[in-house]
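Asker: A predicted structure for the sequence below; I have some questions about it.
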Amino acid sequence: MRRHNLALVMHHISQQGPTSRARIASALGLTKATVSTLADELLRAGLLVELAPEPSPGVGRRGQPLALNPEGPSGIGLEINVDHVTVCLMDLTGTVRHEDVLRADNRGRSPRQVLADSAPLVRRALELGRADGLDVMGLEVAVPGIVASDTGRLLRAPNLGWSDVGLGTLLPQVLDLPGLRVGVGNEADLAALGELWFGGGAAWGDFIHVSGEVGVGAGLVFGHRLFRGAHGYAGEFGHMTVQRRGPLCRCGARGCLEVFAGQEAILRAAGLAHVPGTRHGGPPGSVTALRTLVQQGEPRALQAVEGAGEKLGIALSGLVNVLDPDTVVLGGLYAVLAPWLVRPLTRELEHRLVVERDVDALVRVSRLPGDAAARGAAGAVVRRLIAEPPTDRGPQGRRDGGGTTG
């Protein structure tokens, strides 16, 4: 019961912002004495801080608002994708304290090789967090593949060429941080959570977040919760068939959405060679170069983007007809290309939805086009800290031993 009540207090403050003990007690139906005891424990653990007393027109003691501690425990998100690795350090308030990107072509490379290249970015985030007084208490890894929800094992990532990889076990070994708590999740799922927690998702009701990368994925958020499916595999949107006898996809099937609307497919159709890390800018051949061409009205580039929008609209119409979401959110590459992608996409939706919808209101553009998955991954660690407050930490709210793993 005590741990449950500690989590209730943390959750309430995370949702409402700084507030007094009396207001917490009233909102949660607990006694003021109980809330005071819980608050003192959370303060000692470094999870909360007391702010300056609230102004009061009357006499008597003024309440001191409690807030999440921005210098307390924190989390790191690591997104491993086909052409980049992104690291995000986030404090308990959800503020991004550090972000770093490594552009690299990760196809044909072993998981251990890619993780070894990722290690300096993670270590730097740990060092910067330590310098700011943050205690990094977990790492969540976002990967573009199918992840078993019960074990966190990466079962298959076709665009990376990986299968049956225990990333949660391998990563602490490569980083030489064996005590760091590591979680693994699907990149599109974590991008959807990033949008829910830190973008516009909280106001968009039930939504489908479509991640445009080298691969194409979808995260399904219903009732402000991620829908994972019976086995955790929901959202493999890029492998919906949009042309039965179409080109061969890396998954082994033909005519998948990904081969028409994935990042490489669009660049190739526009006459541009793919460059690793294109979503984050780069030399000719990048998404930056593609955007410049469509802004200039270059016919081949416009045709490539509009063709991808049509195929995306065909596939999305099936999802919308089945799931009936409030909103479809375009993320990643699709957010960057939205000014030219949305019209052909919505045109297909208008023709294919079985129930008439205002498609202009249905489709929204992500507010986190470049780092939704990394933020969602870091946010997953922070959310766990709020749901399971680590009050058994050492003096001054540090874990016993004072290290960065535990």
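Answerer: In hand now; what should we look at?
Asker: roughly how far is the helix or strand of the chain with the lowest mean pLDDT from the heart of the chain?
Answerer: For the chain, counting by mean pLDDT, DSSP states H and E, helix 167-175 ranks last in confidence among helices and strands (a mean of 86). Distance, stretch centre to chain centre, for helix 167-175: 20 Å (CA atoms, centre = their mean, to the nearest Å).
Asker: need the contact partners of it.
Answerer: Helix 167-175 is contacted by residues 78, 111-112, 115-116, 119, 122-123, 139, 141, 143, 152-154, 178-180, 182-184 when judged by CB atoms under 8 Å, 6 or more residues apart in numbering. Using the backbone N, CA and C atoms, a C-beta is placed for each residue, glycine as well.
Asker: go again with 6 Å.
Answerer: Helix 167-175 is contacted by residues 115-116, 119, 122, 141, 152, 154, 178, 180, 182, 184 when judged by CB atoms under 6 Å, 6 or more residues apart in numbering.
Asker: C-alpha coordinates for stretch 298-313, PDB please?
Answerer: Output of stretch 298-313 as PDB, limited to C-alpha atoms (Å, rounded to 0.1, in the frame of the first residue of the first chain):
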ATOM      1  CA  GLU A 298      11.300  19.900 -59.500                       C
ATOM      2  CA  PRO A 299       8.900  17.500 -61.300                       C
ATOM      3  CA  ARG A 300      10.600  14.200 -60.600                       C
ATOM      4  CA  ALA A 301      10.900  15.000 -56.800                       C
ATOM      5  CA  LEU A 302       7.300  16.100 -56.600                       C
ATOM      6  CA  GLN A 303       6.100  13.000 -58.400                       C
ATOM      7  CA  ALA A 304       8.100  10.800 -56.000                       C
ATOM      8  CA  VAL A 305       6.600  12.500 -52.900                       C
ATOM      9  CA  GLU A 306       3.100  12.500 -54.300                       C
ATOM     10  CA  GLY A 307       3.300   8.900 -55.300                       C
ATOM     11  CA  ALA A 308       4.400   7.900 -51.800                       C
ATOM     12  CA  GLY A 309       1.500  10.000 -50.400                       C
ATOM     13  CA  GLU A 310      -1.000   8.100 -52.600                       C
ATOM     14  CA  LYS A 311       0.300   4.700 -51.500                       C
ATOM     15  CA  LEU A 312       0.300   5.900 -47.900                       C
ATOM     16  CA  GLY A 313      -3.300   7.000 -48.200                       C
END
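Asker: which strands and helices lie in contact with whichever strand or helix holds residue 23?
Answerer: Using DSSP states H and E, residue 23 sits in helix 21-28. In terms of contacts (3 or more CB pairs under 6 Å, 6 or more residues apart in numbering; DSSP states H and E), helix 21-28 is packed against helix 32-44.
Asker: now do the buried residues in the helix it packs on.
Answerer: By 16 or more other CB atoms under 10 Å, the buried positions in helix 32-44 come out as 34-35, 38-39, 41-42.
Asker: as a markdown table, those with pLDDT would be great.
Answerer: Below are these laid out as a markdown table (pLDDT from 0 to 100):
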| residue | pLDDT |
| --- | --- |
| 34 | 96 |
| 35 | 95 |
| 38 | 96 |
| 39 | 96 |
| 41 | 96 |
| 42 | 96 |
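Asker: for the protein, what are the low-confidence residue spans?
Answerer: When residues are selected by pLDDT under 70, those of the chain lie in 54-62, 274-285, 393-406.
Asker: ok, then the element right after the longest helix along it?
Answerer: Secondary structure of the chain read by DSSP state H shows that its longest helix is helix 299-323. Later in the chain than helix 299-323, the nearest helix or strand by DSSP H and E is strand 327-332.
Asker: name the SS class of residue 129, please.
Answerer: helix (DSSP: H, G, I helix; E, B strand; the rest coil).
Asker: can you give me the offset of the helix holding residue 23 from its chain's centre?
Answerer: Per CA atoms, centre = their mean, the centroid offset for helix 21-28 relative to its chain is 32 Å.
Asker: and that helix, what's buried?
Answerer: Buried residues in helix 21-28, counted by 16+ other CB under 10 Å: 21, 23-25, 28.
Asker: same deal with stretch 10-23?
Answerer: Going by neighbour count (16+ other CB under 10 Å), the buried part of stretch 10-23 is 10, 12-14, 18-21, 23.
Asker: quick one: end-to-end distance for it.
Answerer: For stretch 10-23, the first-to-last residue distance is 13 Å (CA to CA, to the nearest Å).
Asker: repeat that for stretch 147-165.
Answerer: Chord length of stretch 147-165, first to last residue, is 10 Å (CA to CA).
Asker: any chance of TSV for the buried residues of helix 21-28, columns distance to residue 341?
Answerer: TSV is the format used below for these (distance: CB to CB, whole Å):
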residue	distance to residue 341
21	50
23	46
24	45
25	50
28	45
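Asker: show me the contact partners of stretch 91-110.
Answerer: Contacts for stretch 91-110 (CB under 6 Å, 6+ apart): 68-70, 72-74, 82-90, 114, 121, 125, 128, 160, 276-277, 280, 382.
Asker: send the alpha carbons of that stretch over as CSV?
Answerer: C-alpha atoms of stretch 91-110 as CSV (Å, rounded to 0.1, in the frame of the first residue of the first chain):
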residue,chain,number,x,y,z
ASP,A,91,15.3,14.3,-16.4
LEU,A,92,12.4,13.5,-14.2
THR,A,93,10.3,16.5,-15.4
GLY,A,94,10.5,15.3,-19.0
THR,A,95,13.1,18.0,-20.0
VAL,A,96,15.7,16.9,-22.6
ARG,A,97,19.1,17.6,-21.1
HIS,A,98,21.2,16.2,-23.9
GLU,A,99,20.8,14.8,-27.4
ASP,A,100,23.3,13.4,-29.8
VAL,A,101,23.0,11.8,-33.3
LEU,A,102,25.4,9.5,-35.1
ARG,A,103,24.8,9.1,-38.9
ALA,A,104,25.8,5.7,-40.1
ASP,A,105,24.6,2.9,-42.4
ASN,A,106,23.9,0.1,-40.0
ARG,A,107,22.7,-2.5,-42.5
GLY,A,108,24.9,-5.6,-42.8
ARG,A,109,26.6,-4.8,-39.5
SER,A,110,26.3,-7.0,-36.5
